[in-house]
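Engineer: Fold the following, please.
(2 chains)
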Amino acid sequence: NAGVTQTPKFRILKIGQSMTLQCTQDMNHNYMYWYRQDPGMGLKLIYYSVGAGITDKGEVPNGYNVSRSTTEDFPLRLELAAPSQTSVYFCASSWKAGGPDTQYFGPGTRLTVL
Amino acid sequence: AQSVTQLGSHVSVSEGALVLLRCNYSSSVPPYLFWYVQYPNQGLQLLLKYTTGATLVKGINGFEAEFKKSETSFHLTKPSAHMSDAAEYFCAVSAPTGNQFYFGTGTSLTVIP
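Structural biologist: Model (predicted):
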C-alpha cells in the first residue's frame, strides 16, 4: 500500500496565484486532515474531514478551502496565495478521529509564496 | 480543550547517553497521548501512544514514555542515544471522543558523536 500520498512535493507561487494541493490515501480511512508546519510552531490544523462530503475548520482555516467527494481524496485549495502561506503542508488520515487510532502522514508539500 | 507543551525546543545528548524529551498536557478529559518522530524532509511517524491501561508505554526504536496523571506529563525517554535518533519529536494529545489532535511545538534532538 502507498499509504498517504501528496502532490506536488515542492511549489513556488506568486502572490495572488491559486493552487490545489492533492492528498490521497488508500487505507480506507474515514478521517483526513490538513496541517501546516512552520518553524518552531509545530503543526497547526487547517481543515479536517470525518467522511466523504463532511468537512470542518481547524485552528487556521483562513485562506484555504477543502472538499471531500470521495473517501480517498482530500484536496486543499489555496486562493489568492499570500507570503504568510509559505509553509510545509502535511496531509494525514486515521481510521477515526481522536481515540487510540494513529494518524498516518504524507511526505509533505513545501510551498513558497513570493 | 486540549493543549500540549514541550519544554526545550532543542536538546543535545552524547551518543550512548540518556534521552529525555519533556511533554506536559492539559485536557479537560482523560486524554490519549502520542509521540511522533519526524526525520528531515519526511512526514511524521508514530513512535508510541498511550490510550488506557499500563502507564508505561514502549514504542519503536527503544523509546518509551510514562503517563503520569498527577503531573499531567508524558515524557519520552531512551536509555542510550544513537546517531540515528537525531530528528524532530512531537508530542500530541487528543480527546477520546474528539475530532482533532493537538501537537506540541516539537523538540529537535541532536546526537553528538
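
Engineer: Not counting its neighbours along the chain, what's nearest A:Met41?
Structural biologist: Residue nearest to A:Met41 in three dimensions, not counting chain neighbours: B:Thr105, with 6.1 Å by C-beta to C-beta, 6 or more residues apart in numbering or on different chains. Bear in mind the C-beta positions are built from the backbone N, C-alpha and C, glycine included.

Engineer: sec struct for the one you found, please.
Structural biologist: Here B:Thr105 is coil, with the state taken from DSSP: H, G, I helix; E, B strand; the rest coil.

Engineer: shouldn't it be in contact with A:Gly42?
Structural biologist: Yes. Applying C-beta atoms under 8 Å, one finds B:Thr105 in contact with A:Gly42, separated by 4.1 Å.

Engineer: higher neighbour count, those two?
Structural biologist: Under the criterion of other C-beta atoms under 10 Å in any protein chain shown, the comparison of B:Thr105 against A:Gly42 puts A:Gly42 first, with 19 against 16.

Engineer: any idea how far the more buried one lies from A:Phe90?
Structural biologist: Going from A:Gly42 to A:Phe90 by C-beta to C-beta, to the nearest Å gives 11 Å.

Engineer: again, but for B:Tyr39
Structural biologist: For B:Tyr39, the distance to A:Phe90 (C-beta to C-beta) stands at 14 Å.

Engineer: Settle it for me: which of those two has more neighbours?
Structural biologist: The neighbour comparison of B:Tyr39 against A:Phe90 (other C-beta under 10 Å) goes to A:Phe90, with 25 against 12.

Engineer: The more buried one bridge partners, please.
Structural biologist: Going by DSSP bridges, A:Phe90 is paired in beta bridges with A:Tyr35.

Engineer: and what of A:Cys23?
Structural biologist: A:Gln6.

Engineer: What confidence value was assigned to residue 88?
Structural biologist: Just going to use chain A. pLDDT recorded at A:Val88 is 94.

Engineer: Oops, wrong one, chain B.
Structural biologist: pLDDT, B:Glu88: 95.
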